[in-house]
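Asks: Predicted model and sequence follow; I will ask about them next.
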Amino acid sequence: MRIISILQALLTPVIGLIALYIAWQQWKSNELKLKMEKYDRRLRVYEEVVKMLQKVNRDFKPKWDDMLAFATATAEADFLFGVEIPAYLDEIFSHANKLRLANMEYKAVTQLGRTGINLDQTVSELSLHSGWFTDQISSAKEKFKKYLYIASRGYGSGTAGTGKIASKSSSSDGSCHAIPIWRSNSRSSSVTVFRFAHC
């Protein structure tokens, strides 16, 4: 009877510990889910940047509708990144608009015969902004890299679009298994997050 009384006395704290453990596991799961959702949203912004840069580099004649669509698609960047990314997005829009206006001036002079426009200055503007966009594919990747790389204790992943897995040492018996737990697929990149078991 005494043993039964002791077991009954221990039952309540044991149940409490189990409930606490379950709550902690749910919290960790929700935390990971929020991080992955944030990552997906950041990745979409980067994809819009790449899409815009590719469109401009195609013929260096940015269209107003494409610029507006770009601004709309990246509007939430203020809430997802540090100040340097929204500033970079504004810079892309500004250079695109200046390039668009320079194209309009060039066409007005060379095709419509309009006077009062400094053609040399217009050609200089075309060269300046076209050159800027030429350099941006690699520059954009560098600017976004720190936001699109996932690495934390117990997890590893590749940088966006590389497919490389962050290294983690194996256990003493040499067994280390990477278990994919989340994957983000898109037209321009694919990212997988792994959980390392028995490491």
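Replies: Great, that's in hand.
Asks: Could you pull out the strands in the protein for me?
Replies: Counting by DSSP state E, the chain has these strands, from start to end: 151-152, 155-157, 177-185, 190-197.
Asks: Confidence-wise, which of these is weakest overall?
Replies: Lowest mean pLDDT within those: strand 155-157, a mean of 39.
Asks: list the buried ones in stretch 57-74?
Replies: Residues of stretch 57-74 classed as buried: F60, K61, P62, M67, F70, A71, A73, T74 (neighbour count, 16 or more other Cβ atoms under 10 Å). C-betas here are computed from N, CA, C, even on glycine.
Asks: How about the contacts made by the fourth one?
Replies: It stands for M67. M52, F93, A96, N97, R100 (Cβ atoms under 8 Å, 6 or more residues apart in numbering).
Asks: just those now: which is nearest V83?
Replies: F93 (15.9 Å; Cβ to Cβ).
Asks: Which residue is the nearest non-sequential neighbour of R41?
Replies: Of all residues not flanking R41 in the chain, L80 sits nearest, at 5.7 Å (Cβ to Cβ, 6 or more residues apart in numbering).
Asks: Out of the contacts of M67, which sit inside helices?
Replies: Members of the contacts of M67 lying in helices (criterion: DSSP state H): M52, F93, A96, N97, R100.
Asks: Mind pulling up the pLDDT for the residue lying closest to H129 once chain neighbours are set aside?
Replies: Distance criterion Cβ to Cβ, 6+ apart; nearest residue to H129, sequence neighbours excluded, is L99 at 3.9 Å. Here the pLDDT value assigned to L99 is 97.
Asks: I15 too?
Replies: On pLDDT, I15 comes in at 75.
Asks: Burial check on it, number of neighbours?
Replies: Residues within reach of I15, counting by other Cβ atoms under 10 Å, total 10.
Asks: what's near enough to touch it?
Replies: Under the criterion of Cβ under 8 Å, 6+ apart, I15 has no neighbours.
Asks: Distance of it relative to G116?
Replies: Remark: distance between I15 and G116 (Cβ to Cβ, to the nearest Å) = 85 Å.
Asks: for R44, same thing?
Replies: Relative to G116, and taking Cβ to Cβ, R44 is found at 44 Å.
Asks: okay, the two: which has more neighbours?
Replies: Neighbours per residue, other Cβ under 10 Å: of R44 and G116, the larger number sits with R44, 17 against 6.
Asks: can you give me the helices in the chain?
Replies: Taking DSSP H as the criterion, the chain carries its helices at 2-59, 64-73, 84-110, 119-134, 136-145.
Asks: tell me the most buried of the ones you listed?
Replies: helix 84-110 (a mean of 17; mean count of other Cβ atoms under 10 Å).
Asks: Mind giving me the packing neighbours of that helix?
Replies: helix 2-59, helix 64-73, helix 119-134, helix 136-145 (3 or more Cβ pairs under 8 Å, 6 or more residues apart in numbering; DSSP states H and E).
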